[in-house]
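S.K.: Predicted structure and sequence below. I'll ask about it afterward.
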Amino acid sequence: MTSGTTSFWTGERIRLRGIEPDDWRAFMRFATDEERLGDLLGPPRSAESHRAWARERAAAPPDGDCFQLVIEATGSGEAVGAVGTNHADPRAGRFEYGVTIAAEHRGKGYASEAVALLLRFMFAERRYHKCEARIFAHNEGSLALHRRLGFVEEGRLRDHVFLDGRHRDLVLMGLLAGEWTKCGSPAVVLVPE
């Protein structure tokens, strides 16, 4: 842990916490930002559907090693993003994860710190061997972040997704626990974005 940290889930600039019912506005904003980036497009959702989703998530217990957390800026207490795991397979020792940061908070190091905290938990505490990420090839910022964190491109699925009126490639990236440890972790590392 970083010096002065009061919780395993707190870094220098952010803390990871569970979803609260009042986070619905932040998640509605994250969805709008992802649509603008061309990373997610679906029918518009009502404010009430976001409220109901946040209430449900706030009350739900974790699903094994699959969970979603809010990224909160320690200085302001504002929800600036979210990070979560999915497709966790303890037998194979691998999991996938995703991260999103609100548009106005990108480039401040929040994503790298949140990912570092998450990876430290999954590799050091839960003993997973591999983390996988699926990234749209047009999302240069996310690809650059993952490369800086030590992820390696393992493959590319050509014309795999249809977004914004056209087919796009999906980049598969992976990071092994041993590679993470060589990067200076399990301590939290701050990577400029």
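M.R.: Structure's in. What do you need?
S.K.: got the contact list for the host helix or strand of H50?
M.R.: Under the criterion of DSSP states H and E, H50 resides in helix 47-59. Contacts with helix 47-59, where a contact means CB atoms under 8 Å, 6 or more residues apart in numbering, come from G18, I19, E20, P21, D22, D23, W24, R25, F27, M28, A31, Q68. C-beta coordinates here come from the backbone N, C-alpha and C atoms, glycine included.
S.K.: What lies in contact with stretch 82-94?
M.R.: For stretch 82-94, using CB under 8 Å, 6+ apart, the contacting residues are 16, 26-27, 30, 64-71, 95-100, 111, 114-115, 118, 122, 126-132.
S.K.: could you pull out the helices for the protein?
M.R.: Counting by DSSP state H, the segments of the chain that form helices are 24-37, 47-59, 110-120, 140-148, 177-182.
S.K.: can you state the direction angle for the second one and helix 24-37?
M.R.: When you say that, I think you mean helix 47-59. 110 degrees (axes from the mean of the first three to the mean of the last three CA atoms, to 10 degrees).
S.K.: And for the third one?
M.R.: Computed by the same axes, to 10 degrees, the angle separating helix 110-120 from helix 24-37 equals 110 degrees.
S.K.: what do you get for the fourth one?
M.R.: Here the directions of helix 140-148 and helix 24-37 differ by 100 degrees (the same axes, to 10 degrees).
S.K.: Give me the ChimeraX select line for the contacts of helix 47-59, limited to the buried ones.
M.R.: Typed into ChimeraX, the line below selects the buried ones among the contacts of helix 47-59, using 16 or more other CB atoms under 10 Å:
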select :19,23,24,27,28,31,68
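S.K.: pLDDT and distance to S49 added to the contacts of helix 47-59, as TSV?
M.R.: Output for the contacts of helix 47-59, formatted as TSV (pLDDT from 0 to 100; distance: CB to CB, whole Å):
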residue	pLDDT	distance to S49
G18	96	20
I19	96	15
E20	97	17
P21	96	14
D22	96	16
D23	96	14
W24	95	9
R25	95	13
F27	92	10
M28	91	9
A31	87	10
Q68	95	17
